[in-house]
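1. Sequence and computational prediction follow.
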Amino acid sequence: MEITKKVREGSVRAASRLIRNLEDHVPGAKDTIKKIFPYTGKAHVIGFTGSPGAGKSTLIDCLIAQIRKREKTAGVLLVDPSSPFTGGAILGDRIRMQRHSLDPGVFVRSLATRGALGGLSKAVGDAIHVMDAMGKDYVIVETVGTGQQEVDIINHAHTIVVVLTPGMGDEIQAIKAGILEIADIFAINKADREGAGKLYRELMYMLNMADGFPGGWRPPIIRSENMFDADSFEKSLEELMSSIGEHYQNLIDQDILGDRVRRKTMLELNEALHNAILDPVLTKLVETGEMDSMADKLLKKETDPYTLAEKVAKQYLSEL
Amino acid sequence: MTKRRLRIMVAKPGLDGHDRGARVLARCFRDAGYETIYTGCHQTPEEIAAAAIQEDVDCLGLSCMSGAHRYLFPETVKVLREMGGDDIQVIGGGIIPKADYQVLYDAGLKGVFVPGITLDDIIKWINENIVPNVSD
């Protein structure tokens, strides 16, 4: 049975192997993505970001339960960092959501960043397409928990949840650029800890200073407390699930869903153009030895990189 | 295509909560360049098998210190094959008496690693014996 058909019928094995082939740039995997592409665009993609240890995986585990309660299906992509020294990785997010592993309506797949910056891996975009084409109602993406600049998720998700915990800085931290800007929903996790009230107030001040919000959507702040108090935690997760639904509805009502989708589409297009135009040229330059001889010229200060690049462009791109 | 990066899972079936060994192995695999999924303690054979297939691992490493390996390891292999994980190689480790090795090999395990073996030897064995899956 052809891979596209298997994926569209929901085969986890076929889909997971396809994602792997995309990660490893297996020729042929791209062809499959081309065939799958027309069947994408239906899933609601939710991004989870925030510092390491904030509780992203734990919240996702409970969100999956909420999704399943509503008889919808979920694909989950969990990204963890690759070692900059060995290239290996410990993908340790799924450990928080193993209770769903036997649920056929849930497909959890871990990925390593493989050197990509921005909080995700290069293959995540295509992996989202695969899960979308499988028919998952929701695709949840968890970024590497790192710092303020890991904002790649905005190019992939319709709704972004930023998970924070108390005690991680002051009001100046709260107004810096980066991940706080990208939130559609704030989740203060471990809100039973000291500093939770202060964090809530700082976020409110930051939001109050804003000069209006796109689509009129002011990010709500959801608080979740001790995960071992099941009732209270579940209530917070219901609130989170409702918020996520309301946000998506707002995108539709305010006619901005299209903008988000367009942004992702532009990014994909740019990357595909990059690969199609730049890679063959670079490969040729390396093969013919021209890359090395250009480097030699630069080291001897005979010319500059910009002149060389313009020369290459003129040579290889005849229409410019 | 050059040999692809190995994906390996470290799993602890059953009630044994002694996970230090499993975590040492997970770190060791990371240092060896593998992408390692660690599913933690107290997993059923079914949960482990389902996770292994979802994660498309080449090798599944089972760890047990409590003596329940004679049931749990073969059961996990059985369930894994039933769920369609035909091309996932299974290895095991922990507190396993020599007399039990053949039982485990007969059940489908490719290797058994007990205290006394070095981490370097384990990595060497894996590099020589586990081939990353390449079919579609």
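-> That came in fine, so what should we check first?

2. quick one: secondary structure of the closest residue to residue B:87 other than its chain neighbours?
-> Closest residue in space to residue B:87, ignoring its immediate chain neighbours: residue B:133 at 4.8 Å, by Cβ to Cβ, 6 or more residues apart in numbering or on different chains. Heads up, the C-betas are built off the backbone N, CA and C, glycines and all. Each residue gets one of three states, and residue B:133 gets coil by DSSP: H, G, I helix; E, B strand; the rest coil.

3. so what's residue B:133 up against?
-> Applying Cβ atoms under 8 Å, 6 or more residues apart in numbering or on different chains, we find residue B:133 in contact with A:17, B:56, B:58, B:87, B:88.

4. Most neighbours among those residues, which one is it?
-> When the contacts of residue B:133 are compared by neighbour count (other Cβ atoms under 10 Å in any protein chain shown), residue B:56 ends up highest, at 26 neighbours.

5. How about that one, nearest residue that isn't a chain neighbour?
-> Residue nearest to residue B:56 in three dimensions, not counting chain neighbours: residue A:16, with 3.9 Å by Cβ to Cβ, 6+ apart.

6. Confirm that neighbour sits in a helix?
-> Yes. Remark: residue A:16 belongs to a helix, assigned using three-state DSSP.

7. Residue A:110 is in contact with that one, correct?
-> No. Residue A:16 is not in contact with residue A:110 according to Cβ atoms under 8 Å; the separation is 10.2 Å.

8. who has more neighbours, these two?
-> A side-by-side neighbour count of residue A:16 and residue A:110, using other Cβ under 10 Å, places residue A:110 first with 28 against 21.

9. Just confirm residue A:313 is within a strand.
-> No. Residue A:313: not assigned to a strand; according to three-state DSSP it is helix.

10. Neighbours of it, how many?
-> Neighbours of residue A:313 using other Cβ under 10 Å come to 11.

11. That one and residue A:293: what is the separation?
-> For residue A:313, the distance to residue A:293 equals 17 Å [Cβ to Cβ, to the nearest Å].

12. Pull the residues that contact the longest helix along chain B.
-> Assignment by DSSP state H gives helix B:69-82 as the longest helix of chain B. For helix B:69-82, contacts defined as Cβ under 8 Å, 6+ apart pick out B:11, B:13-14, B:45-46, B:48-49, B:52-53, B:60, B:62, B:64, B:88, B:90, B:92, B:94, B:96, B:100, B:103-104, B:107-109.

13. Kindly recompute the last result at 6 Å.
-> With Cβ atoms under 6 Å, 6 or more residues apart in numbering or on different chains as the test, helix B:69-82 has contacts from B:13-14, B:45-46, B:48-49, B:62, B:90, B:92, B:96, B:100, B:103-104, B:107-108.

14. how about the most centrally placed residue in chain B, secondary structure?
-> By Cα atoms, centre = their mean, chain B has its centre lying nearest to residue B:61, at 1.0 Å. Per three-state DSSP, the local secondary structure of residue B:61 is strand.

15. Next, residue A:160: secondary structure please.
-> The three-state assignment at residue A:160 reads strand, by three-state DSSP.

16. That one and chain B, how far apart?
-> Separation of residue A:160 from chain B (Cβ to the nearest Cβ, to the nearest Å): 24 Å.

17. Over to residue A:203?
-> With Cβ to the nearest Cβ as the criterion, residue A:203 and chain B are 33 Å apart.

18. and that residue, what does it touch?
-> When contacts are counted by Cβ under 6 Å, 6+ apart, residue A:203 touches A:186, A:221.

19. how much space between it and residue A:49?
-> 15 Å.

20. again with residue A:242
-> In this view, residue A:242 and residue A:49 are 20 Å apart by Cβ to Cβ.

21. repeat for residue A:246
-> Remark: distance between residue A:246 and residue A:49 (Cβ to Cβ) = 20 Å.
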